[in-house]
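Participant: Provided below for reference: sequence and predicted model.
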Amino acid sequence: MSLRVKWVLVLVGLTVLASAAVGLLSYRVTAAQLDAEVNRSLVAAVEDVESVTRRPGRPRPGPLVLAGSDEVYLQYVRSNGSVVTPEPSRTIPVDQGDLVLATDAPRGARELRDDEIDGEAVRVLTVAMGNGRGALQAARGIEETNRVLASLRSRILMVSVGVAAVAAVAGVLIGGSVTRRLSRLSAVAEGVAATGGLDAGVPVEGSDEVARLGQAFNDMLTELALSEAEQARLVQDAGHELRTPMTSLRTNIFTLRRFSELDEATRLALIGDLEAESEELSSLIDEVLQVSSGASAQEPLAGVDVGALVAEVAKRTGARWNRGVNVEADDGIVMELRERQVGRAVRNMVDNACKFSPEGSPVDVMVRRGPVPDTGDGHEGVTIEVRDRGPGFEEQDLNHVFAGSTVPLAARSLPGSGLQALHRRDGGEAHRGRVRAVNRDGGGADVMMWLPVVQDGGES
């Protein structure tokens, strides 16, 4: 059974129950009022006769006293069961209970019952006069009352049927509105399950629970799409990050083939480079595993000589590209930072500069104390700046250089830019720093990372 059918059945059922309850209550109230009116008229007629018979000289009701009216028939029952009636053709039936009231019952004892006179339904009231003096009877037709109640029953039934029909139509319309949106949601969910595409959306109409469900589904698809993009970016960035030490390892392994031909200093430098690259590779693999598993463990902060760190990274990166990298650094800059993360960010900056710079063009790295460039806020920090004479960036791409996704590098479109790492927690902004990239006058790029000073030469 579909949800729409269930909705219609529930709505119709509740409506029928409600209308039936109201109809039954109305019927019973009306029937009680009509019965009470009939009974009051019978009692009033009997009391009028009693008041006449209590007058001196009127010990027994006679036909004149029992004249009654067009609505009420009156009759006197003697203790022997004979009757006195003004209309012999319309005698009220006398049963055993009436005889008991006429002979033995105390004054005022009464009995009320429904009976028939000549096929007409009537209500009969018998009241004892006491002391064996007989009983008075009054009867009134209830055909009209029965017709009114029958008509009321018919109308209640018709109204209930009409209300049920209206409820059914409303249920179809409302159920269709609800289930139509749920059907769209189901279709989109089935499409996502079949194709794996997360770009599908559910139209959201209104502000009810179904609309909130649709919005929640759209939000879920958005989060899944972001998660998928993050996974793709993780794979891309991991590939780039791992490629650099792997390339260096392959180069050094190739050099090892001539190990016997190398002098002692070159051998020691080669072994040291192999150790450093293998440690870097192991560290990268650990971080990739942590990110992929959702772990949040981070490298602890430690005091680092920034100039020495940048010089070492620049030297190793330049060696990979077989070119020199000029480093100028202020002395004595010691900061609390995550050495591997900052080192990797610097390596990406230098690596890109070497990659995109023409053969023989300079790559300059500068480490300077000072406030954030071009802001004037005066907060002291350290600027690490890498300049090259490569093709630079397209103007429309400058705002996207550090956006944490695949970067459209235009002229710098060689694979594996790695610049996006500067913008994420792996680089300067993980240390509450800032990053910037601009094109240099005369060609080339100027990429800067600024870190706030925590400890400078042992002073906070």
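Facilitator: That came through, no problem. Numbering: from 1, shown residues only.
Participant: kindly export the host helix or strand of L125 (C-alpha atoms) in CSV.
Facilitator: In the assignment (DSSP states H and E), L125 maps to strand 120-128. The C-alpha coordinates for strand 120-128 follow below in CSV (Å, rounded to 0.1, in the frame of the first residue of the first chain):
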residue,chain,number,x,y,z
GLU,A,120,-50.4,4.9,15.0
ALA,A,121,-47.4,5.0,17.3
VAL,A,122,-48.2,6.7,20.5
ARG,A,123,-46.7,7.3,23.9
VAL,A,124,-48.9,6.5,26.9
LEU,A,125,-48.7,7.9,30.4
THR,A,126,-50.7,6.2,33.2
VAL,A,127,-50.9,7.9,36.6
ALA,A,128,-52.6,6.3,39.6
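Participant: pull up the pairing partners for that strand, direction included.
Facilitator: Here strand 120-128 has these sheet partners by DSSP bridges: strand 110-117 (antiparallel), strand 135-141 (antiparallel).
Participant: just name the most buried of those strands.
Facilitator: Ranked by mean neighbour count under mean count of other C-beta atoms under 10 Å, the strands paired with strand 120-128 are led by strand 135-141, which reaches a mean of 25. C-beta: built from backbone N, CA, C; applies to glycine.
Participant: and the next element down the chain from that one?
Facilitator: Next along the chain after strand 135-141, taking DSSP H and E as the criterion, comes helix 143-195.
Participant: how far out from the middle of the chain is that following helix?
Facilitator: With C-alpha atoms, centre = their mean, to the nearest Å as the basis, helix 143-195 stands 27 Å off its chain's centre.
Participant: again with stretch 274-291
Facilitator: Relative to the mean C-alpha coordinate of its chain, stretch 274-291 is positioned 42 Å out (C-alpha atoms, centre = their mean).
Participant: again, but for stretch 381-400
Facilitator: Relative to the chain's own centre, stretch 381-400 is displaced by 44 Å; criterion: C-alpha atoms, centre = their mean.
Participant: in it, what counts as buried?
Facilitator: Neighbour counts over stretch 381-400 (16 or more other C-beta atoms under 10 Å) mark 381-393, 397, 400 as buried.
Participant: neighbouring contacts of the strand holding L125?
Facilitator: Residues outside strand 120-128 that contact it (C-beta atoms under 8 Å, 6 or more residues apart in numbering) are 38-39, 42-43, 46, 50, 73, 77, 92-93, 97-98, 101-102, 105-116, 135-143, 146.
Participant: ok, now with 7 Å
Facilitator: For strand 120-128, the external contacting residues (C-beta atoms under 7 Å, 6 or more residues apart in numbering) are 38, 42-43, 46, 92, 98, 101-102, 105-116, 135-143, 146.
Participant: tell me the mean pLDDT over that strand?
Facilitator: With pLDDT averaged residue by residue, strand 120-128 scores 90.
Participant: any regions of the stretch 101-250 of the chain where pLDDT drops low?
Facilitator: Low-confidence segments of the stretch 101-250 of the chain (pLDDT under 70): 177-178, 198, 240-241, 244.
Participant: if we can go back for a sec, what would the strands paired with strand 120-128 look like in JSON lines with distance to G171?
Facilitator: Formatted as JSON lines, those follow (distance: least, C-beta to C-beta, whole Å):
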{"stretch": "strand 110-117", "distance to G171": "43"}
{"stretch": "strand 135-141", "distance to G171": "46"}
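Participant: ok, which of those strands comes nearest L34?
Facilitator: L34 lies closest, by C-beta to C-beta, to one member of the strands paired with strand 120-128: strand 135-141, at 11.4 Å.
Participant: need the CA coordinates for the closest one. CSV is fine.
Facilitator: Extracted C-alpha coordinates of strand 135-141, given in CSV (Å, rounded to 0.1, in the frame of the first residue of the first chain):
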residue,chain,number,x,y,z
ALA,A,135,-55.9,5.8,37.0
LEU,A,136,-55.7,8.5,34.4
GLN,A,137,-54.2,7.9,31.0
ALA,A,138,-52.9,10.3,28.4
ALA,A,139,-51.6,9.3,24.9
ARG,A,140,-49.9,11.4,22.2
GLY,A,141,-48.8,10.4,18.8
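Participant: state the helix or strand in which the closest residue to R133 other than its chain neighbours lies.
Facilitator: Distances taken as C-beta to C-beta, 6 or more residues apart in numbering place S79 nearest to R133, at 7.1 Å, with adjacent residues excluded. S79 is located outside every helix and strand, with elements delineated by DSSP H and E.
Participant: quick one: residues contacting S79.
Facilitator: By C-beta under 7 Å, 6+ apart, S79 lies in contact with A102, T103, G132, G134.
Participant: can you tell me how far it is from A102?
Facilitator: 5 Å (C-beta to C-beta, to the nearest Å).
Participant: you'd agree L284 is up against G239?
Facilitator: No - L284 is beyond contact range of G239, at 10.7 Å (criterion: C-beta atoms under 7 Å).
Participant: between those two, which one's more packed in?
Facilitator: Each of L284 and G239 has its neighbours counted (other C-beta atoms under 10 Å); L284 has more, 18 against 13.
Participant: what about the host helix or strand of that one, average pLDDT?
Facilitator: For L284, the host element (DSSP H and E) is helix 264-293. What helix 264-293 shows for mean pLDDT is 75.
Participant: so which elements touch that helix?
Facilitator: helix 209-256 (3 or more C-beta pairs under 7 Å, 6 or more residues apart in numbering; DSSP states H and E).
Participant: what about E37, is that helix, strand or coil?
Facilitator: helix (DSSP: H, G, I helix; E, B strand; the rest coil).
Participant: so for it, what's the pLDDT?
Facilitator: On pLDDT, E37 comes in at 90.
Participant: how many neighbours does it have?
Facilitator: 11.
Participant: helix or strand right after the helix holding L284?
Facilitator: With DSSP H and E setting the assignment, the helix or strand that follows helix 264-293 is strand 302-305.
Participant: what strands flank that next one, and is each parallel or antiparallel?
Facilitator: Counting by DSSP bridges, strand 302-305 is paired with strand 334-337 (antiparallel).
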